[in-house]
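Trainee: Please work out how this folds:
(one chain, ligands or ions: 1)
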Amino acid sequence: MDHIQLWDAIKTELAKTIAPGISFETYVNGLTPISLVHTPNNSDQLYLSTSHKNVAEEWSPNGQYYNQFLSASIQATLQLLGTPTLVLPVVSFVEATPQPTPKATPTPTAEQLDLEIPQAEGGSRTPSRLNPKYRFDSFIASTPNREAKSVAEAVAEHPGQEWNPLLLYGNSGLGKTHLMQAIGNDLVRRNPNASVKFITTDDFMNDWTDALRFNRTNEFKKAYRNVDLLLVDDIQLLADKENVQEEFFNTFNAITRDGHQIVLTSDKLPKDIKGIEDRLVSRFAMGYSANLTQPDPETKIAILKNKAEESQIEISYDVLSEIANAVNTNVRDLEGVFKKVVAKIKISNSEVTVDAIREILKDLNFERSTIVTIPGIQESVAEYFNLNVSDLVGKSRVKEIVIPRQIAMYLAREITQESLPAIGRSFGGKDHTTVMHSTNKIEESMLDDPKLEQQVQEIRANLQ
Ligand SMILES: Nc1ncnc2c1ncn2[C@@H]1O[C@H](COP(=O)(O)OP(=O)(O)OP(=O)(O)O)[C@@H](O)[C@H]1O
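Mentor: Residues are numbered from 1 along each chain as shown. Next up is the predicted model:
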């Protein structure tokens, strides 16, 4: 199935819900399919273009046709492949340019589309492409992530002032790009004339290589340095790229010297990335570094609730909790599973029971059996710190045992959703206030202690 076949099938489905006439001609027939992108763990995306700005808006998540597209994609893929698949529309506005000859225009490739977007500036083939769905209000922060969100909001309000650069770091799929782009979207909302550039480190490297190849380094500098806010995703990819690091260093200095803001994301703290020059490491540490961590069960449910509202679908708390319980990897997976569950619910038209969800989760390889238990956590923590489980459930007050015990309680609370008294009972009959104190202690200490944070993440990864 290619993008053209898929779009034809989706159009057939849309024709059942959008009446023929001007609307159908403008909003459906007026779109050109560009490409179909398959994303692991996420919904597929069908890229389309239009020469009318307001048309593109109506296909965005807040637009009037978005949900119709999702339903049509499920039916269309069911017809074409026999398996329902959720496909998201990505409709870009491309300004119509007068054609020099009356010949039929070939369908532009996604790359050409990028080049034609008016925001793309000389010296950079990378347009600023903020995703409007990445906003502060759609980012649900668990307690340990609240500080990161507050700092991000402050940066959007007063860019280039207190926290420069802001570095968001942490494991994959935990919302670094989301929060970073939320800063860009918020700044543009406050000041529509602000110049915001979002790029991945790969984009930076490609643009710099092209600039050198085609002798366009001045244009490159203009495109990268004349911005109010530069957002760079995945700076760990700079590792071992000395020449690119040199230019990144210069770009960084130019932007901060002019009082403009830089926001970076990385999978770990720059000092822990091998192959990054010390001078860059120290520049990156000049501002504020915020670690994004795995959300706790309640936050996962809140994220799912938000998604359900966006998809205008009613799902009970029990069902959402079942999904949140089963997916212990990251928010990207949580979203991916949720979208698949929604698609299945939509086509099956049957009542959404917890049992039905369990079956769906089983098909998606997220069974309850993957749920981590308190004894499992105790064993894992004991092994990590070279202790015995009896130490963790015992009464010893020595530091070497108290901290692992608190970590085990923290993880039990985060992962298992057991109540505080139940966790207390599993740790040798401790009181629920001891469990609460321990989880708060670990949560707070992780904010200032990257080593502790790293240990917790490693144990969590071992458990999963
Ligand atoms: N706290 C959150 N609230 C709502 N949505 C979230 C949250 N965290 C992550 N997401 C969603 O999960 C998906 C993955 O997030 P994102 O791409 O920002 O992760 P990342 O940390 O940048 O991952 P990677 O390092 O792999 O690029 C996105 O769709 C994002 O909107």
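Trainee: Now do the SS call for E322.
Mentor: Three-state call for E322 (DSSP: H, G, I helix; E, B strand; the rest coil): helix.
Trainee: Assess the claim that it and I360 are in contact.
Mentor: No: contact between E322 and I360 fails when scored by C-beta atoms under 8 Å: they sit 9.6 Å apart. (Glycine included, C-beta is placed from N, CA and C.)
Trainee: For the residue in the chain that the ligand sits nearest to, give me the pLDDT.
Mentor: Proximity of the chain to the ligand (C-beta to the nearest ligand atom) peaks at G175, 2.7 Å away. At G175, the pLDDT value in this model is 94.
Trainee: How many residues are close by it?
Mentor: 25 (other C-beta atoms under 10 Å).
Trainee: Hmm, it is touching F139, no?
Mentor: Yes: applying C-beta under 8 Å, one finds G175 in contact with F139, separated by 6.2 Å.
Trainee: can you pull the contacts of S380?
Mentor: 459, 462-463 (C-beta atoms under 8 Å, 6 or more residues apart in numbering).
Trainee: go on, W7?
Mentor: 31, 33, 46, 48.
Trainee: Is I34 in a helix, a strand, or coil?
Mentor: Going by three-state DSSP: I34 is strand.
Trainee: Report how many residues lie close to it.
Mentor: 24.
Trainee: just S348 next, same as before
Mentor: 12.
Trainee: cool, A290 as well?
Mentor: A290, neighbours per other C-beta under 10 Å, totals 22.
Trainee: Go ahead and report the secondary structure state at it.
Mentor: Quick answer, by three-state DSSP: A290 is strand.
Trainee: any idea how far D448 is from it?
Mentor: To D448, A290 is 12 Å away according to C-beta to C-beta, to the nearest Å.
Trainee: who touches F248 in this structure?
Mentor: 204, 238, 280.
Trainee: how about the helix or strand where it lies: buried residues?
Mentor: Taking DSSP states H and E as the criterion, F248 maps to helix 242-257. Across helix 242-257, burial judged by 16 or more other C-beta atoms under 10 Å covers 244-245, 247-248, 251-252, 255-256.
Trainee: Grab the two from these that are most spread out in space.
Mentor: By the measure C-beta to C-beta, V244 and T256 form the most distant pair in those, at 18.3 Å.
Trainee: Per-residue pLDDT of the nearest residue to A326 once chain neighbours are set aside, please?
Mentor: Closest residue in space to A326, ignoring its immediate chain neighbours: F366 at 4.2 Å, by C-beta to C-beta, 6 or more residues apart in numbering. Model confidence at F366, given as pLDDT, is 74.
Trainee: if I look at F366, how far off is G336?
Mentor: 10 Å.
Trainee: Of these two, give the one with the bigger neighbour count.
Mentor: F366 (25 against 22).
Trainee: Tell me who's in contact with that one.
Mentor: 326-327, 337.
Trainee: Closest one to N171 out of the residues you listed, please.
Mentor: V327 (14.2 Å).
Trainee: ok, now how distant is that closest one from A356?
Mentor: Taken as C-beta to C-beta, the span from V327 to A356 is 17 Å.
Trainee: circling back: including secondary structure and pLDDT, could the contacts of F366 go into JSON lines?
Mentor: As requested, the contacts of F366 are arranged in JSON lines below (DSSP: H, G, I helix; E, B strand; the rest coil; pLDDT from 0 to 100):
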{"residue": "A326", "secondary structure": "helix", "pLDDT": "84"}
{"residue": "V327", "secondary structure": "coil", "pLDDT": "85"}
{"residue": "V337", "secondary structure": "helix", "pLDDT": "87"}
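Trainee: Just the buried ones from these?
Mentor: Of the contacts of F366, these count as buried by 16+ other C-beta under 10 Å: 326-327, 337.
Trainee: Which residue is the nearest non-sequential neighbour of R129?
Mentor: Nearest one to R129, counting by C-beta to C-beta, 6+ apart, is F198 at 6.2 Å.
Trainee: which other helices and strands contact the helix or strand harbouring the one you found?
Mentor: Take DSSP H and E as the rule and F198 turns out to sit in strand 196-200. Helices and strands touching strand 196-200, by 3 or more C-beta pairs under 8 Å, 6 or more residues apart in numbering; DSSP states H and E, are helix 176-190, strand 229-233.
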